[in-house]
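>>> sequence unavailable; structure follows:
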């Protein structure tokens, strides 16, 4: 079974703090993705990566950056957390050879106060 | 026009009935189609994928794809209360490309 893990289930941070969200997958997937999910807005793609050290912006990259130094690990960074970044953050991974089936981690519920 | 559209629901069906969930998409270049189930407070779980026109069955689930009409559906036979969840439709241009998700349809299976 594909396993995608995220560093925290719940996180509370203060406005202006730098926040790191970590994601690790154990199935040697090339592709990794970061989403946020908000009521009424659905899943929105923040950033994705097709390979180590490669990254591409998704639909809502503003205020975020990412890092992929190793194939199995994809980090999402909030440079200066703001209250509008309070959300559920979901990491996913997929194989390039498949049709795009993505497997999700359990999510991190981030609250910025 | 949204890229992937779903009726938000809630869709209520009695236990044992067939639940029919629908999704339309706007990009004719889309090649891969997925249904995810998401329980409240949990992450999405892949339940079906379909790549060619027609039906694909897996247990109580059937995915249907009609590329000419840009329409994909999910049928759940013999619905159970445990099927109560939000169902997300997702579309891709194939390969490892990113998915575009609909906002989901909430399904409630009532006793």
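Alright, I've got the coordinates. This structure is a prediction, so every number in the text was calculated from the model and none was measured.
>>> relative to chain B, how far out is the spatially most central residue of chain A?
For chain A, the residue nearest the mean C-alpha position is residue A:34 (2.8 Å; CA atoms, centre = their mean). Here residue A:34 is placed at a distance of 11 Å from chain B (CB to the nearest CB, to the nearest Å). Quick note: C-beta positions are derived from backbone N, CA and C, even for glycine.
>>> and the helix or strand bottoming out on mean pLDDT in chain B, what other elements does it pack with?
Least confident helix or strand of chain B, by mean pLDDT, DSSP states H and E, is strand B:99-101 with a mean of 91. Strand B:99-101 makes packing contacts with strand A:42-49, strand B:85-92 when contacts are defined by 3 or more CB pairs under 8 Å, 6 or more residues apart in numbering or on different chains; DSSP states H and E.
>>> which outside residues touch that strand?
Contacts to strand B:99-101, defined as CB atoms under 8 Å, 6 or more residues apart in numbering or on different chains, come from residues A:42-43, A:45, A:100, A:102, B:3-4, B:25, B:27, B:34, B:36, B:88-92.
>>> which among the helices and strands packed on strand B:99-101 is found nearest to residue A:108?
Of all the helices and strands packed on strand B:99-101, it is strand A:42-49 that lies closest to residue A:108, at 12.5 Å by CB to CB.
>>> buried subset of the contacts of strand B:99-101 as a ChimeraX selection?
Those of the contacts of strand B:99-101 that count as buried under 16 or more other CB atoms under 10 Å in any protein chain shown are selected in ChimeraX with:
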select /A:42,43,45,100,102 /B:4,25,34,36,88,89,90,91,92
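>>> farthest-apart pair in the contacts of strand B:99-101, please.
Spatial extent of the contacts of strand B:99-101 (CB to CB) is set by the pair B:27 and B:36 at 18.6 Å.
>>> alongside chain A, which residues does chain B contribute?
With CB under 8 Å from any CB of the partner chain as the criterion, chain B meets chain A at residues B:31-32, B:34, B:42-46, B:49, B:51, B:88, B:90, B:92, B:94-99, B:101-104.
>>> distance between the ends of stretch A:95-105?
Chord length of stretch A:95-105, first to last residue, is 15 Å (CA to CA, to the nearest Å).
>>> what do you get for stretch A:20-38?
End-to-end for stretch A:20-38, by CA to CA: 19 Å.
>>> buried stuff in that stretch?
Across stretch A:20-38, burial judged by 16+ other CB under 10 Å covers A:21-25, A:29-37.
>>> let's see the distance spanning stretch B:46-61 from one end to the other.
With CA to CA, one end of stretch B:46-61 sits 12 Å from the other.
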